[in-house]
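Q: Any chance you can model this:
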Amino acid sequence: MKLYLKTPLFPLTRINQKFHKNFQIKMECYQPSGSFKIRGISYVCLDAKKKGISHLICASGGNAGYAVAYCARTLGMKCTIVIPKSASNYMAEVIRREGADVIVHGDIFDDANEFALQITQEDKNAMFVHPFENPLLWEGHSTIVDELKEQTDKPDAIVLSVGGGGLLNGVIQGIDRNGWSDVPVIACEVEGAPKFNLSLKAGKPIYLDEIHTLANTLAGKTVSPESIEYAKNHNIISYLTGDANAARAVFEFIEDFRVIVELACGASMSVAYDEPEIIRPYHHIVVVACGGSGVNLPLLLQYKQIFNI
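A: Here you go, the predicted structure:
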């Protein structure tokens, strides 16, 4: 049983003509839950169902929680999602529509995660679904590269956003499996939550003392240790952009594809729209449009006002 979709790969025609590049966009925003998260999450949830688990519990800034709720409803399982106060009310409502119980706890993801672990221990029929730290989840995310191998020639670089590192870990597994290990991966974050960037420099995961970003799904305090290990043997390039650039990229994306995505997706899309120095050596570039369900028209209008777009 497969709960995720094979997503299309579209050319970024307007920007390709402008910069004389070959940008291709992997449209993970077309997944049933609105983001790539359902790939790995569905692997974990299906495995839990086989093991007789009846209650799924997850802490999330939104996208992983929505994916877990979608899978739980589809599989006939109980679901509880713990979201931090930083998550939007809209995201909470979207998750509730899938039949999940939503608990708001703590200011940021790490607070919500600690509480989710606590309540999991209180239910012997429950399993905690981590939003990014699980090898089975990475295996699911790696299917993005399997599809890319069928859809296009080997790219010069792959661009993606990094929150906890689950997508990065999966893509690295995928490029290794498909003989693309030499393809550089450009890992994008926002300047207000540079946990992967600082961890890469330190050679080990670091914890941020403070987070200053509106990109809620990139706003965790640390990154998967496996992401730092992968960086020791793969060409992973860290790229930081501002919230304003990410927001402008969201509106550019809407213009090109008539699809709404959130700031986390805008962080990676800004590499295409801003053409920073980091991308100039490459011609054929695949950008994973990770998607994002926690955005609607009112929130977009807020971004427009905040960032003077």
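Q: quick one: contacts for Ile81?
A: The contact partners of Ile81, by Cβ atoms under 8 Å, 6 or more residues apart in numbering, come to 57-60, 65-66, 68-69, 95, 100-103. From N, CA and C alone the C-beta is placed, and that goes for glycine too.
Q: Kindly give a single ChimeraX line that selects the buried subset of the residues you listed.
A: Of the contacts of Ile81, the buried ones go into a single ChimeraX selection, burial set by 16 or more other Cβ atoms under 10 Å:
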select :57,58,59,60,65,66,68,69,95,100,102,103
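Q: ok, the contacts of Ile81 vs Glu277, which is closest?
A: Ranked by distance to Glu277 (Cβ to Cβ), the contacts of Ile81 are led by Ser60 at 33.9 Å.
Q: so that closest one touches Val68, yeah?
A: Yes. Ser60 lies in contact with Val68 (Cβ atoms under 8 Å); the separation is 7.3 Å.
Q: coming back round to it: and the contacts of Ile81, which is closest to Gly163?
A: Of the contacts of Ile81, the one sitting nearest to Gly163 (Cβ to Cβ) turns out to be Ser60, at 10.2 Å.
Q: residue contacts, the closest one?
A: Residues counted as contacts of Ser60 (Cβ under 8 Å, 6+ apart) are 66, 68, 81-83, 87, 109, 112, 131.
Q: Now do it against Pro135, distance only.
A: The spacing between Ser60 and Pro135, counted by Cβ to Cβ, to the nearest Å, is 19 Å.
Q: Ok, Ser181 next?
A: Taking Cβ to Cβ, one finds Ser181 at 18 Å from Pro135.
Q: same thing with Ile228?
A: Distance from Ile228 to Pro135, by Cβ to Cβ: 16 Å.
Q: hey, where'd the helices end up in the stretch 51-200 of the chain?
A: Secondary structure of the stretch 51-200 of the chain (DSSP state H, counting those that start in this stretch): helices located at 63-75, 89-97, 109-120, 135-141, 143-151, 166-177, 195-202.
Q: Now the second one: buried residues?
A: By neighbour count, and taking 16+ other Cβ under 10 Å as the criterion, the buried residues in helix 89-97 are 90-92, 94-95.
Q: go on, the third one?
A: Judged by neighbour count (16+ other Cβ under 10 Å), helix 109-120 contains these buried residues: 109-113, 115-116, 119-120.
Q: buried set for stretch 1-20?
A: Buried, per 16+ other Cβ under 10 Å, within stretch 1-20: 3-4, 7, 12, 15-16, 19.
Q: hmm, back to that, higher neighbour count, Ile228 and Pro135?
A: Between Ile228 and Pro135, counted using other Cβ atoms under 10 Å, Ile228 has the larger neighbour count: 19 against 13.
Q: Helix or strand for the more buried one, just tell me which one.
A: Here Ile228, judged by DSSP states H and E, is contained in helix 225-231.
Q: what helix or strand does Ile25 sit in?
A: strand 22-27.
Q: how far off helix 143-151 does that strand point, in degrees?
A: For strand 22-27 against helix 143-151, the angle by axes from the mean of the first three to the mean of the last three Cα atoms, to 10 degrees is 130 degrees.
Q: Paired strands for strand 22-27, with orientation please.
A: Strand pairing for strand 22-27, using DSSP bridges, gives strand 9-11 (antiparallel), strand 284-289 (parallel).
Q: For the ones you listed, could you give me JSON lines that also reports mean pLDDT?
A: Shown next, in JSON lines, are the strands paired with strand 22-27 (pLDDT from 0 to 100):
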{"stretch": "strand 9-11", "mean pLDDT": "98"}
{"stretch": "strand 284-289", "mean pLDDT": "98"}
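Q: Generate JSON lines for those, with distance to Leu168 as supplementary columns.
A: Output for the strands paired with strand 22-27, formatted as JSON lines (distance: least, Cβ to Cβ, whole Å):
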{"stretch": "strand 9-11", "distance to Leu168": "19"}
{"stretch": "strand 284-289", "distance to Leu168": "10"}
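Q: Which one of the ones you listed lies nearest to Ser35?
A: Taking Cβ to Cβ, strand 284-289 is the member of the strands paired with strand 22-27 nearest to Ser35, at 9.3 Å.
Q: for that closest one, which positions count as buried?
A: 285-289.
Q: Leaving aside the residues adjacent along the chain, what's closest to Thr143?
A: Distances taken as Cβ to Cβ, 6 or more residues apart in numbering put Arg39 closest to Thr143, at 5.7 Å, once the chain neighbours are dropped.
Q: Hmm, Trp138 and that neighbour touching each other?
A: No. Using Cβ under 8 Å, Arg39 makes no contact with Trp138, being 9.7 Å away.
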